[in-house]
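Participant: Everything below, folded, please.
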Amino acid sequence: MDFSIPSNAHSVTLLVRRSKAHNDVPAESRSLTDAGISLCEDVQPYLEDVVGSLGARFGVPHYYCGPSPAMLITCFILFEPKQMTVHPHLTVTASVKHLQGGRWFAEMLAAKQSRVQIMRTALKDITLWGGEPFGQESGRLYQFLTEEGNESFRIAVADEPAITMALLDKVDDTQLGLAPCVGLLVFRDQGGIIIGAQKLVPSSAQR
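Facilitator: As a prediction, the model looks like this:
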């Protein structure tokens with residue numbers, strides 16, 4: 001496999017960004033597009049191999065996903081879990097793309113800022129959000145990743161920007177900014193400290 005497990009890893013969470021979804025409806029009603037379903041089906045064999053390799057070290061995985069239909073469907077197609085927990089910390093309510101009517105995001109892209117750089121700027125400048133503590137949402141997924149528990153292997157289908165927000169400045173920037181159906185392995189030591197993160201990019205997810 002195209003990843004390595006740290007020798008002192010005590011647990012792992014496989015975060016997967018949900019697949020391509022319809023953007024013309026509210027998030028709570030958003031489902032996958034036909035292209036999103038096809039992408040899940042293409043990526044599924046790769047992630048099945050990843051889960052098998054991780055399971056040999058960390059045991060049976062526990063499955064989680066965010067509350068939107070798009071995340072539920074992504075999880076079911078990719079992993080076919082017999083049991084899954086819907087977790088509210090795997091998504092965020094705010095949208096960077098829609099700040100100031102979309103003008104700010106367009107300006108950042110025009111300035112050739114990466115999505116990770118854009119997220120860092122947005123989190124530091126609370127005036128963009130009208131003073132709202134958007135950073136509080138970034139802490140929720142991080143709490144999920146580091147909370148105490150007896151699960152050594154978790155799989156979670158989440159949203160961007162939730163993943164990048166949670167791990168910004170905690171792992172290398174090159175591992176963030178996930179495309180649809182791309183995974184991120186987050187390893188923790190016995191004390192619950194994050195000791196590494198590795199992006200998983202199957203060839204079919206690069207389309």
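
Participant: Pretty sure residue 194 sits against residue 188.
Facilitator: Yes - counting by CB atoms under 8 Å, residue 194 touches residue 188, with 5.6 Å between them. All C-beta spots, glycine's among them, are computed from the backbone N, C-alpha and C.

Participant: So for these two, which residues contact both of them?
Facilitator: Here residue 194 and residue 188 share the contacting residues 145-146, scored by CB atoms under 8 Å, 6 or more residues apart in numbering.

Participant: For those two, work out which one has more neighbours and name it.
Facilitator: Each of residue 194 and residue 188 has its neighbours counted (other CB atoms under 10 Å); residue 188 has more, 20 against 16.

Participant: Please tell me the pLDDT value assigned to that one.
Facilitator: Residue 188 carries a pLDDT score of 94 in this model.

Participant: before we move on, what about residue 171?
Facilitator: 89.

Participant: where does it sit relative to residue 33, distance-wise?
Facilitator: 29 Å (CB to CB, to the nearest Å).

Participant: of those two, who's got more company?
Facilitator: residue 171 (19 against 16).

Participant: partner residues bridging the more buried one?
Facilitator: residue 168 (DSSP bridges).

Participant: got a list of what it touches?
Facilitator: Residue 171 is in contact with 186, 194, 196-197, counting by CB under 8 Å, 6+ apart.

Participant: Of those, just say which sits nearest to residue 18.
Facilitator: residue 186 (16.9 Å; CB to CB).

Participant: neighbouring contacts of the helix or strand where that closest one lies?
Facilitator: Using DSSP states H and E, residue 186 sits within strand 183-188. Taking contacts as CB under 8 Å, 6+ apart, the residues outside strand 183-188 that touch it are 3, 5-6, 9-17, 47, 50, 54, 145-146, 163, 167, 171, 175-176, 178, 194-200.
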